[in-house]
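Q: I would like the atomic coordinates for the input below:
(chains A and B)
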Amino acid sequence: MTLDSFIASRQGGWGELERGVSRLSRGRLRGVSAADVERFAVLYRHAASDLAVARRDFPDQPVTEYLNSLCGRAHLLLHRGSDARRPGVLRFFAIEAPRLFRASAGYYLASLACLLAGTLAGWLAYDLRPDLRSLLVPSSLFDQMARGAPDVSIPQPLLAAPSIFVHNMEVAALTFAAGLLIGIPTALLLFYNGWSLGTLGAAVHAGGYDYAFWSLIAAHGVLELSIIVIAGAAGLRLGDALLRPGLRSRADALASAGHDVLGLFLATVVLLVAAGCLEAFVSPSGLPGGAKIAIGLSVGAVFYGWLLLAGRARPAPPGLDLDAASQPATPI
Amino acid sequence: MNVGYDAQRVTTADNIGISFRVAGLATRVTAAVIDGMILAVLLTALFLGAGALAAAIARGGSSQAQVNVGFLALLLGALMVIVVIAYFTLFPVASAGRTPGKSAMGIRVMRVDGTGAGLGDNFLRSLALVVDVLGTGPLLMFFHPQSRRLGDLVAGTVVVRERTPVTLAAAATAQPLYLRSPEPGPPLDGLGRLGERDFQALRAFLSRPGLAPPQRAALAGLMAAPLLDRMDLPPHAPERAWPPELLLERLYLQLLSRLGSP
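A: Sure, this is the predicted structure:
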């Protein structure tokens, strides 16, 4: 077949495919009849096989370039991202997210260690360098402590709640994304969060207001700090994938780690809404300090109970390996 | 699989390779500037709204009002980041990998395997923007063979060009041939020994512009000699005496009538 007869005999189909691609170029096959989609797929396969022929017979002709670009545009329309692996919301929270957490337990511990190191360092810095105390802790805190209790101004809760959780989501997103710079900024951010807590804790301890301070932050702090630590763990996982990619290329290892921890990050960041509501409604309320601490501890117990216990595989009945049977066939 | 610079190779289910042209640094920065201008308008509106709200709250003048304004400022600062992340996540999801800026530049996001990027992929890309604007983005795009920034690496995506310089009309238009006469001449013996490749070579020779006549004649002589040998013509055949250019022309026309009918 010559180039001219090749083009002449096939260009009707190519033109039809091109018109279809232009019509569907917003990327939606929804609202197109099933027959049209089938026709589109047939035309696409014909064009792809024509592309293979053109590559072999007319490698340097413009028609090869044309077919390549036509097939590329059609391919993107027909092959959307695989939604099959995305579980339902309920299944995701009940099973997938806790499993993801347990798979990253090592990173969680490393992240927690960064935070605690910051807390310890902040506490020690406050105790060991009395000359720097006014720099470490805002002076207004001393005024408030002198008046009796720290932080007594109560904001309008309906405004405070979204402000707090949106701000915390930003902090969590930053902590996670910073892991892309081989994890160092993530570790520094965690250390800084711990440092703030440590210096404040030491300051109120020196003033003898321990109970007032801890009961003020316990209700929301347990959940909030846990989520920041998990975001940090996700960030450290990214950094680790870049530093130690194993047998894969760094890009492949990073992409795989990113998709692995994304679910964990999203599942916990959503809970910052709950933490923000606790901080706006419960923490400044007139409840007794003991009740606030109890609320904080029970919220923490439920949170870690969910992460550590939910979604554990039940022992399979003997002789019936459902997991293996439901695995997709792998090409040999 | 990557083939060379500025190309992303994708293999279809039928094992046919399609190569996408990757969008370069300049195109992507231009698209980002367009998106930035749209975002600037959105964020300005957000600021004006929040400012009006803050003024209304502060009219009370109490210390309670001051605390509320402080929280409003906190909300506003965080919302800016969230709006940017949402913009770069939701637009590509809603319109097949294109933000308005990308759409204007004719580029789009896809996964490296040639499928469309989903919500999770685009969210990871946008989240990484927080880091990429610090300088890693442009730097990596400059050095990476597929112009991928950190966000592309972590999400497994690549940004490709949609527009192509070749249209069907251009591809289907036959290149003009420089023929002296449309006559195929007397049938040539041994034509059956020539095939498709010879035909393509003859076509390439006859469509070549800009050759000075002496050069064209010399080139035709070089091409004709092996063809005549392959055709196995007797040593005194009249065809050997034809001018080489005429011989090539007639060979082409006769092969065309033989091969051209599918």
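Q: B:Met110 contacts B:Asp121, doesn't it?
A: No - counting by CB atoms under 8 Å, B:Met110 sits too far from B:Asp121 to count as a contact (9.4 Å). No exception for glycine: its C-beta is placed from N, CA and C like everyone else's.
Q: ok, these two, which is more surrounded?
A: Neighbour totals were compared for B:Met110 and B:Asp121, and B:Asp121 leads with 29 against 26 (other CB atoms under 10 Å in any protein chain shown).
Q: what helix or strand is that one on?
A: helix B:119-131 (DSSP states H and E).
Q: Just checking the distance from that helix to the centre of its chain.
A: 24 Å (CA atoms, centre = their mean, to the nearest Å).
Q: So which elements touch it?
A: Judged by 3 or more CB pairs under 8 Å, 6 or more residues apart in numbering or on different chains; DSSP states H and E, helix B:119-131 is in contact with helix A:157-177, helix A:250-270, helix B:63-94, strand B:107-111, helix B:150-155.
Q: Could you rerun that using 7 Å?
A: helix A:157-177, helix A:250-270, helix B:63-94, helix B:150-155 (3 or more CB pairs under 7 Å, 6 or more residues apart in numbering or on different chains; DSSP states H and E).
Q: next structured bit after that helix?
A: helix B:137-143.
Q: List the contacts of that following helix.
A: With CB atoms under 7 Å, 6 or more residues apart in numbering or on different chains as the test, helix B:137-143 has contacts from B:Leu25, B:Arg28, B:Val29, B:Ser147, B:Arg148, B:Arg149, B:Leu150.
Q: quick one, domains of chain A?
A: With automatic domain parsing as the criterion, the domains of chain A are listed as A:11-78, A:89-309.
Q: May I see those arranged in CSV, with mean neighbour count and distance to chain B as well?
A: Output for those, formatted as CSV (neighbours: other CB atoms under 10 Å in any protein chain shown; distance: least, CB to the nearest CB, whole Å):
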stretch, mean neighbour count, distance to chain B
domain A:11-78, 17, 2
domain A:89-309, 19, 4
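Q: B:Val93 is nearest to which of the ones you listed?
A: domain A:11-78 (9.6 Å; CB to CB).
Q: what about the closest one, average pLDDT?
A: Taken as a whole, domain A:11-78 carries a mean pLDDT of 84.
Q: For that domain, measure first residue to last.
A: 21 Å (CA to CA, to the nearest Å).
Q: Please apply the same query to stretch A:73-91.
A: 35 Å.
Q: In contact with residue 112, which residues are there?
A: Defaulting to chain A. Going by CB under 7 Å, 6+ apart, the list of residues near A:Leu112 reads A:Val229.
Q: Hmm, no, I was thinking of chain B.
A: Here B:Val112 is in contact with B:Gln8, B:Gly156, B:Thr157, B:Val158 (CB under 7 Å, 6+ apart).
Q: Give me the domain ranges for chain B.
A: Split by automatic domain parsing, chain B gives B:7-161, B:174-259.
Q: deepest of the ones you listed, which one?
A: Neighbour counts (mean count of other CB atoms under 10 Å in any protein chain shown) averaged over each of the domains of chain B peak at domain B:7-161, with a mean of 18.
Q: How far off centre is that domain?
A: Worked out by CA atoms, centre = their mean, domain B:7-161 lies 22 Å from the chain centre.
Q: what's the average pLDDT for the longest helix along chain A?
A: Assignment by DSSP state H gives helix A:210-243 as the longest helix of chain A. Average pLDDT, helix A:210-243: 90.
Q: Low-confidence ranges, chain B, go.
A: For chain B, the stretches with pLDDT under 70 are B:1-4, B:60-63, B:174-175, B:260-262.
Q: what about the helices in it?
A: B:25-58, B:63-94, B:100-105, B:119-131, B:137-143, B:150-155, B:168-172, B:196-206, B:213-231, B:244-259.
Q: In space, what's closest to B:Asp152 - neighbours in sequence excluded?
A: Nearest non-adjacent residue to B:Asp152, counting by CB to CB, 6 or more residues apart in numbering or on different chains: B:Val158, 5.9 Å away.
Q: Which residues are in contact with each of B:Met110 and B:Asp121?
A: B:Thr157.
Q: mind showing which ranges of the stretch 201-332 of chain A have poor pLDDT?
A: In the stretch 201-332 of chain A, residues with pLDDT under 70: A:315-332.
Q: show me what contacts residue 88?
A: No chain in the question, so chain A it is. Neighbouring residues of A:Gly88 by CB under 7 Å, 6+ apart: there are none.
Q: if you could check chain B rather than the one you did, that'd help
A: B:Thr99, B:Arg125, B:Ser126, B:Leu129.
Q: Nearest to chain A among those residues?
A: Chain A has its nearest neighbour among the contacts of B:Phe88 in B:Leu129, at 8.0 Å by CB to the nearest CB.
Q: so the closest one makes contact with B:Gly151?
A: Yes - under the criterion of CB atoms under 7 Å, B:Leu129 is in contact with B:Gly151, at a separation of 5.9 Å.
Q: picking that back up, which among the domains of chain A is found nearest to B:Val67?
A: Between the domains of chain A, domain A:89-309 lies closest to B:Val67; by CB to CB that is 4.6 Å.
Q: Would you mind measuring the gap between the ends of that closest one?
A: End residues of domain A:89-309 are separated by 18 Å (CA to CA).
Q: cool, stretch B:54-68 as well?
A: Rule used - CA to CA; the end-to-end distance of stretch B:54-68 is 8 Å.
Q: What of stretch B:8-25?
A: Terminal-residue distance, stretch B:8-25 (CA to CA): 15 Å.
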